[in-house]
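Visitor: Quick one: sequence and predicted model below, then my questions.
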Amino acid sequence: MRAASYNQTRQKLTTYFDQTAARAWEQLTSDAPVSGIRRTVRAGRDEMLATLLDWMPDDLSGLRILDAGCGTGALSIEASQRGATVTAIDISPTLIDVAKARAAQLETGGDIEFLVGDMLDERLGQFDYVIAMDSLIHYEASDIRMSVASLAKRTAKAVLFTFAPRTPLLGAMHFVGRLIPQQQHRAPAIIPVAEQHLLSQLRDASELDQFRVRRKHRVSTGFYTSQALELVAE
């Protein structure tokens, strides 16, 4: 059963990314000109994407991958070009339409199934790798733990995910943001999480008993800060 906090955050994200930010997100994940602030976000996301892809084999033929929170599909397309069979799911129908259009323009070595829905839906099946890039950065540590544990139950090799690490800057931004009255079209808050606290949460999850942290990598470029963890099955 999903926690109420997870469902509430997911609903806010659905509204924001599908109704408010879809066009901006499409531009950010393309090579279209963007502002200086968004260029730093784009550079950070590009570095993080490259990191997660580097943590998987170059040849993904015969492997199943879940791109959990696929957005406009960059990781899904790259994994498919390496031969993987990819299930790409996102809460935003608009972003899924963008991802489909981009995939249709490129040759891929594998197959991609684009879906709108909940990345934790167990009906999606079993996978070799699950990747959740920046799709958990709006959640509290307890919801990240629940989400990763849920995904790990259906993962044979590794779960790769990112979270917003608690830094002085992100902590201050989050504090100030809580003091400002909510606005209808405001982006859902990024929730900074202390790394050691999150690792402790993950160690306490029985579903992750067979997983260990093998690698981690933090990216900080201007207005983008995110940290990746690789949980591998033993």
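Guide: Yes, it's here.
Visitor: Which secondary structure state is assigned to the spatially closest residue to T155 that is not a sequence neighbour?
Guide: Among residues not flanking T155 along the chain, V130 sits closest, at 4.9 Å (CB to CB, 6 or more residues apart in numbering). All C-beta spots, glycine's among them, are computed from the backbone N, C-alpha and C. State at V130, reduced to three classes by DSSP: H, G, I helix; E, B strand; the rest coil: strand.
Visitor: Hmm, A68 and V130 touching each other?
Guide: Yes: taking contacts as CB atoms under 8 Å, V130 lies within contact range of A68: 5.9 Å.
Visitor: Now for those two: what residues contact both?
Guide: 151, 161 (CB atoms under 8 Å, 6 or more residues apart in numbering).
Visitor: what's the one helix or strand I89 maps to packed up against?
Guide: For I89, the element it lies in under DSSP states H and E is strand 85-90. In this structure, strand 85-90 packs against strand 64-68, helix 74-81, helix 93-104, strand 111-116, with contacts taken as 3 or more CB pairs under 8 Å, 6 or more residues apart in numbering; DSSP states H and E.
Visitor: need the next SSE after the worst-scoring helix or strand of the chain on mean pLDDT, C-terminal direction.
Guide: Here the helix or strand of the chain ranked lowest by mean pLDDT, DSSP states H and E is helix 168-179, holding a mean of 49. Next in sequence after helix 168-179, counting helices and strands by DSSP H and E, comes helix 195-203.
Visitor: Centroid-nearest residue for this protein?
Guide: M133 (2.5 Å; CA atoms, centre = their mean).
Visitor: and the gap between the closest residue to T29 other than its chain neighbours and I96?
Guide: Among residues not flanking T29 along the chain, T72 sits closest, at 4.4 Å (CB to CB, 6+ apart). From T72 over to I96 the distance is 9 Å, taken as CB to CB, to the nearest Å.
Visitor: Comparing those two, which residue is more hemmed in?
Guide: T72 (27 against 22; other CB atoms under 10 Å).
Visitor: hmm, back to that, highest mean neighbour count out of the helices and strands packed on strand 85-90?
Guide: Of all the helices and strands packed on strand 85-90, strand 64-68 has the most neighbours on average by mean count of other CB atoms under 10 Å, namely a mean of 26.
Visitor: And it, what does it pack against?
Guide: Counting by 3+ CB pairs under 8 Å, 6+ apart, strand 64-68 packs on helix 74-81, strand 85-90, strand 127-132.
Visitor: Swap in 10 Å and give it another go.
Guide: In terms of contacts (3 or more CB pairs under 10 Å, 6 or more residues apart in numbering; DSSP states H and E), strand 64-68 is packed against helix 74-81, strand 85-90, strand 111-116, strand 127-132, helix 141-152, strand 155-163.
Visitor: Partner strands of the last one and their direction?
Guide: In the sheet containing strand 155-163, its partner strands are strand 127-132 (parallel), strand 224-233 (antiparallel), by DSSP bridges.
Visitor: Can you give me the buried ones in that strand?
Guide: Within strand 155-163, the residues that count as buried by 16 or more other CB atoms under 10 Å are 155, 157-163.
Visitor: what's the answer for the fifth one, then?
Guide: When neighbours are counted by 16+ other CB under 10 Å, the buried residues of helix 141-152 are found to be 141, 143-152.
Visitor: what about W25, distance to N7?
Guide: Counting by CB to CB, the separation of W25 from N7 is 22 Å.
Visitor: neighbour-wise, which of those two wins?
Guide: Taking other CB under 10 Å, W25 and N7 do not tie; W25 has more neighbours (19 against 13).
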